[in-house]
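**Q** Mind folding the following:
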Amino acid sequence: MYYTHEQQESKKNTHPECTVFPSYSASEKVKRECTTYLIARNLDPELAEDNGWFPSTEAGDKFTRIVIPARTWKQGHVWYQARDVTGRAYLRYQSPKGSRHEALIKVMPNSEPKGIVVLEGPCCALRAAMHGFIGYALCGKQPSRATLQHLALLIQDNPTLPVLVLLDRDCTDEAVRIVTFLASQGFAVKMGQFTKSKDLAELKNAESKTLLRTYFR
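**A** Residues are numbered from 1 along each chain as shown. Next comes the predicted model:
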């Protein structure tokens, strides 16, 4: 499922393919705003940068945003999510207009991965990577079958790693659907649930680390 504004844009289907990312901002003020935002959410700015996240003031508007690159199946096509860090933008996330071509966001840890965690948002995927897991963000609550097929293809890059589907607390039915699909593709997969928060990034670092550890024993 795309976010509401993405659904509206996809229905129009009149936009050209996106082939370039927004411009990087070299402004120290802008970079500082992005770093401050991540630290305030107990997220690692260096790991985000290692995964290609970068600051911009030209990602759909003039607000300071962190641009988070995604992976799509179509060669030459670019898709991303750009997170507002100011709290003033009308949309928290901006993305390119037009089709996203089953885009997913992958966040790699800076050590040998212990497993794979499938989540809804990129900040949750970053938190998973901070604890040593490959994080995949679906960027929506109800991914299409084609998106799940793309996810399975990416997971196949690390076929021996266990997989955990850990969607937001209000997405239990959808999590069951994703677990069922991945299991049908031959992956060792579990489903996790939240009791103390809406998602992984909402937890304190120690809490999110403990939660993931319970599923990857």
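
**Q** I39: how many residues sit nearby?
**A** When neighbours are counted by other Cβ atoms under 10 Å, I39 registers 11. For every residue, glycine as well, the C-beta is placed using N, CA and C.

**Q** which helices and strands sit right next to the helix or strand it falls within?
**A** Using DSSP states H and E, I39 sits within helix 28-40. The contact analysis (3 or more Cβ pairs under 8 Å, 6 or more residues apart in numbering; DSSP states H and E) places helix 28-40 against helix 45-50, strand 54-56, strand 65-69.

**Q** Apply 7 Å and report the result again.
**A** With contacts taken as 3 or more Cβ pairs under 7 Å, 6 or more residues apart in numbering; DSSP states H and E, helix 28-40 sits against helix 45-50, strand 54-56.

**Q** Packed most tightly, which of these would that be?
**A** When those are scored by mean count of other Cβ atoms under 10 Å, the highest mean neighbour count falls to strand 54-56 (a mean of 23).

**Q** Which strands or helices does that strand pack on?
**A** If you count contacts as 3+ Cβ pairs under 7 Å, 6+ apart, strand 54-56 packs onto helix 28-40, strand 65-69.

**Q** before we move on, back to that, touching the helix holding I39 from outside, list them.
**A** 45, 48, 55, 57, 64, 66, 85 (Cβ atoms under 7 Å, 6 or more residues apart in numbering).

**Q** Apply 10 Å and report the result again.
**A** 24-25, 27, 43-49, 53-57, 63-67, 83-87, 123, 126 (Cβ atoms under 10 Å, 6 or more residues apart in numbering).

**Q** Which among these count as buried?
**A** Among those, those buried by neighbour count (16 or more other Cβ atoms under 10 Å) are 25, 43-45, 47-49, 53-57, 63-67, 83-85, 123, 126.

**Q** So for D199, which of the helices and strands packed on helix 28-40 sits nearest?
**A** Evaluated over the helices and strands packed on helix 28-40, closeness to D199 peaks at helix 45-50, with 16.9 Å, by Cβ to Cβ.

**Q** Give the rounded mean pLDDT of that closest one.
**A** Mean pLDDT, computed over helix 45-50, is 98.

**Q** go on, stretch 151-167?
**A** Stretch 151-167 comes out at a mean pLDDT of 96.

**Q** Just the buried positions in it, please.
**A** Buried residues in stretch 151-167 (16+ other Cβ under 10 Å): 151-152, 155, 161-167.

**Q** Equivalent analysis for stretch 31-40, please.
**A** Within stretch 31-40, the residues scored as buried using 16+ other Cβ under 10 Å are 31, 33-35, 37-38.

**Q** Now secondary structure too, for the buried residues of stretch 151-167, in JSON lines please.
**A** Shown next, in JSON lines, are the buried residues of stretch 151-167 (DSSP: H, G, I helix; E, B strand; the rest coil):
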{"residue": "L151", "secondary structure": "helix"}
{"residue": "A152", "secondary structure": "helix"}
{"residue": "I155", "secondary structure": "helix"}
{"residue": "L161", "secondary structure": "coil"}
{"residue": "P162", "secondary structure": "coil"}
{"residue": "V163", "secondary structure": "strand"}
{"residue": "L164", "secondary structure": "strand"}
{"residue": "V165", "secondary structure": "strand"}
{"residue": "L166", "secondary structure": "coil"}
{"residue": "L167", "secondary structure": "coil"}
